[in-house]
Every structure is written in structure tokens, then in C-alpha cells.
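Student: Next come a sequence and a model predicted from it.
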Amino acid sequence: MGCSGCRVRFNSAKVLSFLTMVLIFTYFFYCLTGICHSAPRTLYVDDDSLGVLLEPLPGNRTASTDVVQPRSLLEDNNNNNNIPVSNTFGTKRFPQAIIIGVKKGGTRALLEFLRIHPDVRAVGAEPHFFDRFYDKGLEWYRNLMPRTLDGQITMEKTPSYFVTKEAPGRICTLNCQTKLIVVVRDPVTRAVSDYTQTLSKNPGLPSFQSLALRNASTTELIDTSWSAVRIGLYAKHLENWLQYFPLSQFLFVCGERLVSDPAGEMARVQDFLGLKRVVSEKHFYFNQTKGFPCLKKPEGSSRPRCLGKSKGRPHPQIPTQVLQKLRDFYRPYNHRFYQMSGQDFGWD
């Protein structure tokens, strides 16, 4: 009886010891693989909107791309905010480059082309941090970023930043050295494309001309309160950004050339980002049906990759006189933008 009791206690001790080892092993496994870190929240994909007013800090202040609090809080917490969120698979960093605009200019195509490059890691959906979700804080924003290794660039794209008054000040508060990419397109065709996208979601939308023209039956003035028209005032939006960033930190990508010569435009983009020219002619072919370039079959994929079905949709017929009125309206703004950017995009 005594020996039997000893065996029972001995076996119980072995089982307890075994379970303890399993728990310890499981804990270390989860922590070492990074699962202990909090996961990013759901991303929101939506269209253009204005941000909530928040006054930027004065001066040309630059925060580390690994900080997790606004500059106003760093002064009291310098010892706690330089710890990167990292594990064996890399580090989550704030973006060193952002595609800030413009909507319906070709930003999605540019991002997809850039993601071919092995040294570029980018968020797939649009974070909208600097216009919609700024109150969620920098830790929330950084958690959305992909993990990168040394030598890789973190990027994101949110086209509505370009037309959001508060966005440049907020980005500069985080890091005034951020590189900014703006994909621009003929503002008239951009406005029609913008309208076409909205019409596909809302078939009951009024006609293009009734939205573009104020008092269409009388004075026929261009209605700049309509976002499809307002976005195309590139010079006015750029003036706001140049209050915070020098022109040298901008790259203006031509949306038309991104279609006709994607490799050429991508060479400019890679040079601007300080990347080796990896993305080249061999990566593209022109899709006659869609009317724009697609990526050739990626390695490990069974077929070529084009953008979604919504890309390349046919535009509705717009009266010629309405389009001409828009061209006349945009002409002085276009010329001013050519002067400011140092590039003649030939839209007139």
C-alpha cells in the first residue's frame, strides 16, 4: 500500500512537471514569433474626405520613424519611444515615403508596380491616418505598417492626403524628411474618371454637366465646390504642401506616362526613392482590352496580374462644350502647376 501510494505521487509529479514544460515552451514560442505583439486593427478603404482640424506644431521638427507618440509628447518621454516594435521577421516603421495623391490619377497602379521591388514594403489598403484617423494615435498607425528588414522602404498611399488641409502639417510633425509622391493626370479626364467611379456606385447620380456647372441654364460657371472639380486644382493644393516641405522632397509622376511608358516612369520613381532599378520593361505588357499596362506573370503565379475590374471602365459621354469649358477653366491652374513643379505635363 505504501509503495503504491509513492508510485501515484511520483507519477503525478511527472505529469505536473511535463505540463509545466509545455506551458513554458508555448509561451516562449508565441513571444519569439511576435504573436505577443498586438495585432493591427481593421483597415478602412474609402474615398476622398477632409481631415479633422488639428493645429500642427511650428517649425521643421522631425521625429524618428520608430517613435510611437506625437512630438509634443516626446519631450517628456524620450527614454521610452525609441524602442522599435520588432521580432525576428523585421521592424514596423513609419513610412519613409508616401503616395499622397491624387485620386483617380493612377496611385493604385503605381503602388502595385512598386511592390514588385524587393526593397519596398507597402500597406495594401489606404490607412487614411493623416486625414480621418489621426486621433487614433501614432501607435495605431505604425501597427498598420508591414515589417521591414534593414535596407527596405516602408510605404503607404492615401490619395486624399493631397487635398486635405491638415495633412502636410501632420506628416511633417511626424517626419519632415518624408518623401512625397504625387501622381497627377489631366484634370479634365481625371474629373470624368472620378464621376464615372461614383456613378458606378450610385446609378441615380445627376449628369456630369449638372454637377460641374453652377447654374447650368444661365451663367454656367464651374462649380469648384464639387470634389471632382476641386481635386484638379493641383497648384492650389501644392501651395499648402510647400509651406511644410521643400520641392526637392516631391516627385510628380505623370499618370498618362505611367500608362504609355510604365517602365520609364518607374525608373524615375526608383531613382527618387534611392532604389536600384529593378522594375523595368520586362515586368509589363499592355492589355488592349483594359487600355493600360498589366504586370507579366509574377514568379510562382499561374497568370499575369492586372488591376481590378473597376480599372479601365468606359466613361460616359460628356458634351464637348462642357469638356472645353472645363479645359478653359483649368488652363491657368495647369500653367501655374507646371511652373511650381518644374514639369510641363502638356495637358493644354
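Tutor: Perfect, thanks for sending it.
Student: C-alpha only now, for contacts and for neighbours.
Tutor: Will do.
Student: Please give the number of neighbouring residues around Gly264.
Tutor: 14 (other CA atoms under 10 Å).
Student: repeat for Pro262
Tutor: Close neighbours of Pro262, defined as other CA under 10 Å, add up to 26.
Student: so what's it up against?
Tutor: 281, 284, 293 (CA atoms under 8 Å, 6 or more residues apart in numbering).
Student: which of the residues you listed are buried?
Tutor: 284, 293 (16 or more other CA atoms under 10 Å).
Student: With secondary structure, pLDDT and distance to Arg305 as new columns, can the contacts of Pro262 be given to me in TSV?
Tutor: As requested, the contacts of Pro262 are exported to TSV (DSSP: H, G, I helix; E, B strand; the rest coil; pLDDT from 0 to 100; distance: CA to CA, whole Å):
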residue	secondary structure	pLDDT	distance to Arg305
Glu281	helix	95	15
Phe284	strand	95	10
Pro293	strand	91	10
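Student: would JSON lines of the contacts of Pro262 with distance to Glu239 be doable?
Tutor: JSON lines is the format used below for those (distance: CA to CA, whole Å):
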{"residue": "Glu281", "distance to Glu239": "35"}
{"residue": "Phe284", "distance to Glu239": "35"}
{"residue": "Pro293", "distance to Glu239": "32"}
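Student: Which of the contacts of Pro262 sits closest to Phe113?
Tutor: Closest to Phe113 out of the contacts of Pro262 is Phe284 (9.2 Å), distances taken as CA to CA.
Student: any idea how far Pro246 lies from Ala97?
Tutor: With distances taken as CA to CA, to the nearest Å, Pro246 is found 14 Å from Ala97.
Student: before we move on, what about Gln243?
Tutor: Counting by CA to CA - Gln243 and Ala97 are separated by 18 Å.
Student: and what of Tyr333?
Tutor: 27 Å.
Student: what about these two, which has more around it?
Tutor: Neighbour tally, Tyr333 and Ala97, criterion other CA under 10 Å: the higher count belongs to Ala97, 20 against 17.
Student: you'd agree the more buried one is up against Cys176?
Tutor: No. Ala97 is beyond contact range of Cys176, at 10.9 Å (criterion: CA atoms under 8 Å).
Student: so which of the contacts of Pro262 comes closest to Ala109?
Tutor: Pro293 (8.9 Å).
Student: what about the strands in this protein?
Tutor: For the chain, the strands defined by DSSP state E occupy 85-87, 90-92, 97-101, 120-122, 147-148, 153-157, 179-184, 213-214, 221-222, 250-254, 284-287, 292-295.
Student: out of those strands, nearest to Asp271?
Tutor: That would be strand 250-254 among the strands of the chain, by CA to CA, at 10.2 Å.
Student: Direction included, what does the closest one pair against?
Tutor: The strands beside strand 250-254 in its sheet (DSSP bridges) come out as strand 179-184 (parallel).
Student: which residues sit against the partner strand?
Tutor: 96-102, 105-107, 162, 249-255, 273.
Student: Please work out the angle formed by the directions of that strand and strand 153-157.
Tutor: Orientation note: strand 179-184 sits at an angle of 40 degrees relative to strand 153-157 (axes from the mean of the first three to the mean of the last three CA atoms, to 10 degrees).
Student: Hey, what's the angle from strand 179-184 to strand 97-101? Just curious.
Tutor: Using the same axes, to 10 degrees, strand 179-184 lies at 30 degrees relative to strand 97-101.
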